[in-house]
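Undergrad: please find the sequence and the predicted model below.
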Amino acid sequence: MTQKIALVTGAASGIGLAAAELLLKDGIAVVMADRSPEVLAIAKDLGARMGGKATGMVVELSREENVLKLARDVLAQQGRVDILVNNAGVHPKNGGNKFYLEEITSEQWATVLAINLTAPFLLSRELIPQMKARKWGRVINISSNSARTVVPPTSAAYVTSKHGIIGLTHMSAYECASHGVTVNAIAPGPVRTGLTGQSSAANQELITKLVPMGRYGEPMELAVVIQFLASDASSFITGAVLDVNGGSVII
């Protein structure tokens with residue numbers, strides 16, 4: 001059997017790093033993309049520790065040409081991409097608090113949408129065709145529980161991007177369903193990552209109170225869901241939004 005290849009964005013820390021670890025554990029070769037140069041050493045260390053093939057790539061996803069180059073380079077170096085995990089995301093903070101609508105600049109809006117929504121669109125557009133040609137593929141998009149309900153400390157730019165991810169997931173799933181390619185989204189609640197750590201202590205306390213389980217999730221609790229959606233076991237699931245949030249959204 002040909003070894004499967006996964007591309008995980010935002011893979012130097014948090015959910016992306018945990019997902020890379022579990023995919024490697026399953027014998028999948030993982031390309032770990034992140035804007036932090038530290039991803040190179042992290043991938044090398046993780047691959048050695050897990051006994052698998054992990055490749056780090058440094059990329060700034062806010063620019064279209066960089067995203068397209070990432071897709072081209074991965075295909076050239078690896079020959080294929082079977083699993084795409086669109087995990088990278090940004091949520092600018094104003095001294096630990098959100099930027100209110102009237103405070104969001106056009107530049108900030110464009111950057112958030114570029115990284116959180118346009119980059120997943122571009123990677124999906126570039127990589128899904130070769131999945132469809134082989135009649136097997138998995139695309140896993142990371143949305144947010146703020147796209148499922150109102151979470152007061154989140155900004156309009158971030159929430160808009162995460163709503164958009166669900167729309168992208170739904171239509172991509174429909175278009176790919178007859179080609180052996182599944183497309184699903186995960187909507188995490190609060191998870192202990194570098195991104196959520198940028199919130200003020202007061203906001204973290206408020207968010208915790210909104211979670212019936214009374215705590216933040218851990219990256220590995222999201223990674224196991226990514227691992228499942230990347231597997232053959234999830235073959236009849238597509239177009240779904242999986243809420244992993246400690247009960248903060250119950251539909």
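TA: Received it, and whenever you're ready, just let me know what you need.

Undergrad: how close does residue 214 get to residue 247?
TA: Residue 214 sits at a distance of 9 Å from residue 247 (criterion: CB to CB, to the nearest Å). Backbone N, C-alpha and C define where each C-beta goes, glycine included.

Undergrad: what pLDDT is listed against the closest residue in space to residue 180 that isn't next to it in sequence?
TA: In space, residue 180 comes closest to residue 135 once its chain neighbours are excluded; the distance is 3.8 Å by CB to CB, 6 or more residues apart in numbering. Per-residue pLDDT puts residue 135 at 98.

Undergrad: residue 135 touches residue 179, doesn't it?
TA: Yes - between residue 135 and residue 179 there is a contact at 6.3 Å, judged by CB atoms under 8 Å.

Undergrad: higher neighbour count, the two?
TA: Between residue 135 and residue 179, counted using other CB atoms under 10 Å, residue 179 has the larger neighbour count: 16 against 10.

Undergrad: residue contacts, that one?
TA: Residues near residue 179 by CB atoms under 8 Å, 6 or more residues apart in numbering: 131-132, 135, 137.

Undergrad: make it 7 Å
TA: Under the criterion of CB atoms under 7 Å, 6 or more residues apart in numbering, the neighbours of residue 179 are 132, 135.

Undergrad: residue 203 too?
TA: By CB under 7 Å, 6+ apart, residue 203 lies in contact with 96-97, 153.

Undergrad: mind pulling up the pLDDT for residue 208?
TA: 89.

Undergrad: that one contacts residue 201, doesn't it?
TA: No - applying CB atoms under 7 Å as the test, residue 208 and residue 201 come out as separate, 10.5 Å apart.

Undergrad: the two: which is more packed in?
TA: Between residue 208 and residue 201, counting by other CB under 10 Å, residue 208 is the more crowded of the two (15 against 8).

Undergrad: spell out the secondary structure type for that one.
TA: helix (DSSP: H, G, I helix; E, B strand; the rest coil).

Undergrad: doesn't residue 141 belong to a helix?
TA: No - going by three-state DSSP, the assignment for residue 141 is strand, not a helix.

Undergrad: ok, now how distant is it from residue 239?
TA: Per CB to CB, residue 141 is found 11 Å from residue 239.

Undergrad: okay, stretch 232-249 in PDB with CA atoms only?
TA: Below are the C-alpha coordinates for stretch 232-249, written out as PDB (Å, rounded to 0.1, in the frame of the first residue of the first chain):
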ATOM      1  CA  ASP A 232     -11.200   4.900   6.600                       C
ATOM      2  CA  ALA A 233     -13.500   4.600   9.600                       C
ATOM      3  CA  SER A 234     -15.100   7.900   8.700                       C
ATOM      4  CA  SER A 235     -15.900   7.000   5.100                       C
ATOM      5  CA  PHE A 236     -19.600   7.700   5.300                       C
ATOM      6  CA  ILE A 237     -19.300  11.000   7.000                       C
ATOM      7  CA  THR A 238     -19.100  14.100   4.800                       C
ATOM      8  CA  GLY A 239     -20.400  17.700   5.000                       C
ATOM      9  CA  ALA A 240     -20.600  17.400   8.800                       C
ATOM     10  CA  VAL A 241     -19.700  19.900  11.500                       C
ATOM     11  CA  LEU A 242     -18.500  18.100  14.600                       C
ATOM     12  CA  ASP A 243     -19.000  20.100  17.800                       C
ATOM     13  CA  VAL A 244     -16.200  19.400  20.200                       C
ATOM     14  CA  ASN A 245     -16.800  22.000  22.900                       C
ATOM     15  CA  GLY A 246     -17.500  20.500  26.300                       C
ATOM     16  CA  GLY A 247     -21.200  21.100  25.900                       C
ATOM     17  CA  SER A 248     -21.100  24.800  25.100                       C
ATOM     18  CA  VAL A 249     -23.100  24.200  22.000                       C
END
